[in-house]
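Chemist: Give the three-dimensional model of this entry:
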Amino acid sequence: MSSKRCDQTVAWAALQGHWQAHGRDLDLRDLFAQDPRRFERWALSAPEMLVDMSRVRWDVATGQHLIALARECGLEALRDAMLAGEHINHTEDRAVLHTALRAPKGQGPQSYAVHAVLDQMLAYVEQVRATAGGLQPGEIHDVVNIGIGGSDLGPQMVLPALDAWVHPKLRFHFVSNVDGHDLAPVLRRIDPKHTLFIVASKTFTTQETMANAHAARQWFFDQGGTDVARHFVATTTNVEASKAFGIKTTFGFWDWVGGRFSMWSSIGLPIALALGAEHFRALLAGAHAMDRHFAEAPLESNVPVWLGLMDLWNRNFHGFGSRCIAPYHQGLVRFPAYLQQLVMESNGKRVDAEGHPLPYQTSSVVWGEPGTNGQHAFFQMLHQGTDVVPVEFILAKRPSHRDASTWSPALRAQMDEQHRMLLANGLAQARALMVGKTTQEAAAESAPTASQTLSPAVLARHRTFPGNRPSITLLLDQLNPASLGALVALYEHRTFVSGALWGINSFDQWGVELGKAMCKDLLPRLATGDVSGLDAATAALIERLA
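Modeler: A predicted model of the protein is given here:
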């Protein structure tokens, strides 16, 4: 592979010149006025969606410089190396092959091993689902997934998103925090005779997961349970450790599956139990369709590439330090949290692939909340705050209500109207961020709730919106298994693109390790009170807690 870090290219210098000359002063309102075809130019199609990037603060010249940068950085070769299974995660000497997990049989690396586990897992899933909700002992009513990080965030994100396809007689619970206040409320709601616990840990040594697993097993025994092998399964590579725990049913995966990319593997067992084999395969197929787009589309029409380039442009030139995820679909309530790990664990790095400190910023902070809730919380800052925060709106043209066929015509009409209201709000927020409101426009309006004693000029300044605040809109026809798969894969590839341009390894996570190592040292000190060798603050706090 021949690749360069972005700032070591000729294209980067050209991009800096473009920024200095006029890129920094681009105004979205002027750009739309000057180019009637701006939407057509910047709205690109990808599997299952349309992505509108016309409200990004860039122009045609910016795009040309960015594509040149991608080529000079060797992005295409890096992409192809990842998809072929080369060990691009060089700090751990591993391949990065989450795309192989959703490739059809015979069409990806490690295909035989991948499909052997997939077929085994889905056969088990159909057995459990066939008697779900039954009254005989061992017939499952509740599934408790015990994991953390990618072993929790992926499944916990997918289930509400695809609620319309979830088995009606299964209830799902997610326990991740080592804090017992996470597990205890779940245990109150379940019956040991009808509960399946999934212990999700690649190594079967993850501290939080194993603590919760041992607590769940002890509760199971305390409630009279005896058949651990029937009520506990594991998704792990450490079969021996799971056997020692008492688990006989395990589903494995491989070291080339990173935690934040693992929902497509056996870590997706709770997803498969919820959706069934057919819909789980549809989720994989949607992701694979996006994989093919990323692999085959020219850079000029490649949506993950453009989004990765946008991240670089927004972060390193405009200086935007965070980005807001605003899905206008309540099913995507956990999507911002899922993306926090995907983006910030992947690209929250300060050194390049050779370990050299970087002279520019990398990952932005990712945060968000579904609309319209966010409008009544933090959108004030988005519209009138001192920081400019790009927003990513996600809209679905059609709702996906599980019970719609049972509704009365009146209720169906009301819910249809509420969906139109939801879409109108999303469109309005994007437009308001861009257009804003001048002080003169504000002065010409009446404001019924405003103070009657305040000067009209002062009031107008309070009601001024600067506008020119960027956003993108991702438009799905419907949120369903295929489109959700494509959406998640889009964000995965986008994250890879920006990391590749920055010259970092997006697939390790050494920053997670230091705190975990220190925890192992501090845990016994809480019992003994030993504070030798500690800093004064930690020592004082241990003395109060011990």
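Chemist: most distant residue from the middle of this protein?
Modeler: Largest separation from the mean C-alpha position in the chain: T453, at 48.0 Å (CA atoms, centre = their mean).
Chemist: What strand or helix carries that residue?
Modeler: Of the helices and strands defined by DSSP states H and E, none includes T453.
Chemist: any idea how far E492 is from it?
Modeler: 55 Å (CB to CB, to the nearest Å). Bear in mind the C-beta positions are built from the backbone N, C-alpha and C, glycine included.
Chemist: A282 now?
Modeler: Taking CB to CB, one finds A282 at 18 Å from E492.
Chemist: Neighbour count for those two, which is higher?
Modeler: Using other CB atoms under 10 Å as the criterion, A282 and E492 rank with E492 on top: 24 against 20.
Chemist: what's the following helix or strand after the helix or strand hosting L487?
Modeler: Using DSSP H and E, L487 sits within helix 481-502. For helix 481-502, the following helix or strand on the C-terminal side (DSSP H and E) is helix 513-528.
Chemist: That next one: how far from the chain's middle?
Modeler: 30 Å (CA atoms, centre = their mean, to the nearest Å).
Chemist: What sits closest to the residue nearest the centre of the chain if chain neighbours are left out?
Modeler: Of all residues in the chain, the one closest to the mean position by CA atoms, centre = their mean is L339, 2.4 Å from it. Distances taken as CB to CB, 6 or more residues apart in numbering place V366 nearest to L339, at 5.1 Å, with adjacent residues excluded.
Chemist: next one: phi and psi at the one you found?
Modeler: The phi/psi pair for V366 (degrees, to the nearest 10) reads phi -110, psi 130.
Chemist: Also V351?
Modeler: According to degrees, to the nearest 10, V351 has phi -130, psi 160.
Chemist: wouldn't it be in contact with L358 here?
Modeler: Yes. Counting by CB atoms under 8 Å, V351 touches L358, with 6.4 Å between them.
Chemist: Give me the common contacts of the two.
Modeler: Taking CB atoms under 8 Å, 6 or more residues apart in numbering as the contact rule, the neighbours common to V351 and L358 are I504.
Chemist: so what's G17 up against?
Modeler: Per CB under 8 Å, 6+ apart, neighbours of G17: none.
Chemist: what's in contact with stretch 78-91?
Modeler: By CB under 8 Å, 6+ apart, the list of residues contacting stretch 78-91 reads 1, 3, 93-97, 99-100, 109-110, 256, 258, 291, 294-295, 353, 496-497, 500, 505, 507-508, 510.
Chemist: So which of these are in strands?
Modeler: Applying DSSP state E to those, no entry is found in strands.
Chemist: what about this protein, any weak spots by pLDDT?
Modeler: 1-2 (pLDDT under 70).
Chemist: Which segments of it make up each domain?
Modeler: 6-88+297-399+406-434+471-508, 103-281, 511-545 (automatic domain parsing).
Chemist: Columns distance to A460 on top of these, output as TSV?
Modeler: Listed next are these as TSV, based on distance: least, CB to CB, whole Å:
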stretch	distance to A460
domain 6-88+297-399+406-434+471-508	13
domain 103-281	42
domain 511-545	47
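Chemist: Among the ones you listed, which comes closest to E445?
Modeler: Judged by CB to CB, the one of the domains of the chain that comes nearest to E445 is domain 6-88+297-399+406-434+471-508, at 14.2 Å.
Chemist: so how far is the closest one from its chain's centroid?
Modeler: 12 Å.
Chemist: same thing with stretch 147-164?
Modeler: Worked out by CA atoms, centre = their mean, stretch 147-164 lies 10 Å from the chain centre.
Chemist: CA atoms only for it, dumped as CSV, please.
Modeler: Presented in CSV, the C-alpha positions along stretch 147-164 are these (Å, rounded to 0.1, in the frame of the first residue of the first chain):
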residue,chain,number,x,y,z
GLY,A,147,-22.0,-7.3,27.9
ILE,A,148,-20.4,-3.9,27.7
GLY,A,149,-19.1,-1.6,24.9
GLY,A,150,-19.8,-3.1,21.5
SER,A,151,-21.3,-6.2,23.1
ASP,A,152,-24.0,-4.0,24.5
LEU,A,153,-24.3,-0.9,22.4
GLY,A,154,-25.0,-2.6,19.1
PRO,A,155,-27.8,-4.9,20.2
GLN,A,156,-29.3,-2.3,22.4
MET,A,157,-29.4,0.2,19.5
VAL,A,158,-30.9,-2.2,17.0
LEU,A,159,-33.9,-3.6,19.0
PRO,A,160,-35.8,-0.3,19.5
ALA,A,161,-34.9,0.7,15.9
LEU,A,162,-36.6,-2.5,14.6
ASP,A,163,-39.3,-2.8,17.2
ALA,A,164,-41.9,-3.7,14.5
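Chemist: Buried residues, that stretch. List them.
Modeler: Using 16 or more other CB atoms under 10 Å as the test for burial, stretch 147-164 gives 147-162, 164.
Chemist: Please go through this structure and pick out the longest helix.
Modeler: helix 409-435 (DSSP state H).
Chemist: List the buried residues for the next helix or strand after it?
Modeler: Moving toward the C-terminus from helix 409-435, the next helix or strand (DSSP H and E) is helix 439-443. Residues of helix 439-443 classed as buried: A442 (neighbour count, 16+ other CB under 10 Å).
Chemist: from the chain's centre, how far out does the next helix or strand after helix 439-443 sit?
Modeler: Next along the chain after helix 439-443, taking DSSP H and E as the criterion, comes helix 456-462. Remark: helix 456-462 is offset 41 Å from the chain centroid, using CA atoms, centre = their mean.
Chemist: for helix 456-462, packing partners?
Modeler: With contacts taken as 3 or more CB pairs under 8 Å, 6 or more residues apart in numbering; DSSP states H and E, helix 456-462 sits against helix 439-443.
Chemist: Hmm, P481 is touching G276, no?
Modeler: No. Between P481 and G276 there is no contact under CB under 8 Å: 10.0 Å.
Chemist: L526 - how many residues pack around it?
Modeler: Neighbours of L526 (other CB under 10 Å): 12.
Chemist: ok, it to W19 distance?
Modeler: L526 is 52 Å from W19, by CB to CB.
Chemist: Also R102?
Modeler: 38 Å.
Chemist: Of these two, which one has the most company?
Modeler: Between R102 and W19, counted using other CB under 10 Å, the more crowded position is R102 (24 against 18).
Chemist: give me every residue that touches the more buried one.
Modeler: R102 neighbours (CB under 8 Å, 6+ apart): W264, L284, A285, A287, H288, D291, G485, A489.
Chemist: hmm, try it at 10 Å
Modeler: Neighbour list for R102: 108, 114, 118, 264-265, 281, 283-291, 485, 489 [criterion: CB atoms under 10 Å, 6 or more residues apart in numbering].
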